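Asker: need coordinates for the below:
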Amino acid sequence: MKVLSISMGRKNERSDIYAKQILMGVEAAAKAAGKDVEVEFINTVTMNIGQCRGCGACSKAPDGKIKCILKDDYLELEEKVLDADGIIIVAPVYSVGIVGQLKNFLDRFGAAHDRASMIDEQEKRKADGRPLLDERYFKDRYCSYVAVGGAWTEDWTVFGLPMMHLFSCSQTMKVVGQINANDQGRKTSPWFDDAMMKD
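Answerer: Just a heads-up that it's a prediction; the model follows:
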């Protein structure tokens, strides 16, 4: 099993800490259960993930690959997600909703990887004898979310978690956990919040 933890916050800051803490928990749980797990952490803050242009090229997939024609770092992150069995997304919520980079990724990933559409397309390809879609598009996955906000009340983070669910819905991923980590602006580090680190 491969678990990918994606942080969309500043390097070595709160989002990174939560993303790594969850991965350490995954490793500990796997070890206790006698299971093998491969974990990977990636920080995307310096990645160039541009907005979707709505061109529809990703839905053509003549060679069995659903690929965005925009050449930026989205393609690297997409590959990492497709290879994973479990995905953890940790992202800042600066102003009520998710950070723009995550929304860009969701716009480009979600519609292009809609499970129902891909099942229909795969059946057509089988019937027509055309190249089949990549089997990774049909993998059942698990995901978890952490919305990290600086405000001491949830008012400024209220749409963080609901918007994150845009990632899992098109691929019918099973959400196994979520945390709204608000009030981070007044804290030196999440490490000093024992209750939050235990969640």
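
Asker: all contacts plus neighbour counts: C-alpha atoms, from now on.
Answerer: Fine.

Asker: three-state assignment of residue 110?
Answerer: Under the three-state scheme (DSSP: H, G, I helix; E, B strand; the rest coil), residue 110 adopts helix.

Asker: how near is it to residue 178?
Answerer: With distances defined as C-alpha to C-alpha, to the nearest Å, the gap from residue 110 to residue 178 amounts to 19 Å.

Asker: next one: residue 81
Answerer: Separation of residue 81 from residue 178 (C-alpha to C-alpha) stands at 18 Å.

Asker: for the two, indicate the residue with more neighbours.
Answerer: Neighbour totals were compared for residue 81 and residue 178, and residue 81 leads with 21 against 18 (other C-alpha atoms under 10 Å).

Asker: so that one, which state does it fall into?
Answerer: Reduced to three states by three-state DSSP, residue 81 is helix.

Asker: any idea which helix is longest in the chain?
Answerer: Ranked by residue count and defined by DSSP state H, the top helix of the chain is helix 14-32.

Asker: ok, and what's touching it?
Answerer: 3, 5-10, 36-37, 39, 41, 43, 88-92, 146, 148, 184, 189-191, 197 (C-alpha atoms under 8 Å, 6 or more residues apart in numbering).

Asker: alpha carbons only: can I get it in CSV?
Answerer: Extracted C-alpha coordinates of helix 14-32, given in CSV (Å, rounded to 0.1, in the frame of the first residue of the first chain):
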residue,chain,number,x,y,z
ARG,A,14,1.9,24.1,9.9
SER,A,15,0.6,22.3,6.9
ASP,A,16,3.9,20.4,6.5
ILE,A,17,3.8,19.4,10.2
TYR,A,18,0.3,18.0,10.0
ALA,A,19,1.0,16.2,6.8
LYS,A,20,4.1,14.5,8.2
GLN,A,21,2.5,13.8,11.6
ILE,A,22,-0.3,11.9,9.8
LEU,A,23,2.2,9.9,7.8
MET,A,24,4.1,8.9,10.9
GLY,A,25,0.8,7.7,12.3
VAL,A,26,0.1,5.7,9.2
GLU,A,27,3.6,4.1,9.5
ALA,A,28,3.1,3.3,13.2
ALA,A,29,-0.4,1.7,12.5
ALA,A,30,1.0,-0.4,9.6
LYS,A,31,3.9,-1.6,11.7
ALA,A,32,1.6,-2.5,14.6
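
Asker: so where do the helices sit in the chain?
Answerer: Listed from the start of the chain, the chain has helices (DSSP H) covering 14-32, 74-83, 100-110, 115-128, 160-169, 194-198.

Asker: so among the contacts of helix 14-32, which ones count as buried?
Answerer: Judged by neighbour count, with 16 or more other C-alpha atoms under 10 Å as the criterion, the buried members of the contacts of helix 14-32 are 3, 5-9, 39, 43, 88-92, 146, 148, 184, 190.
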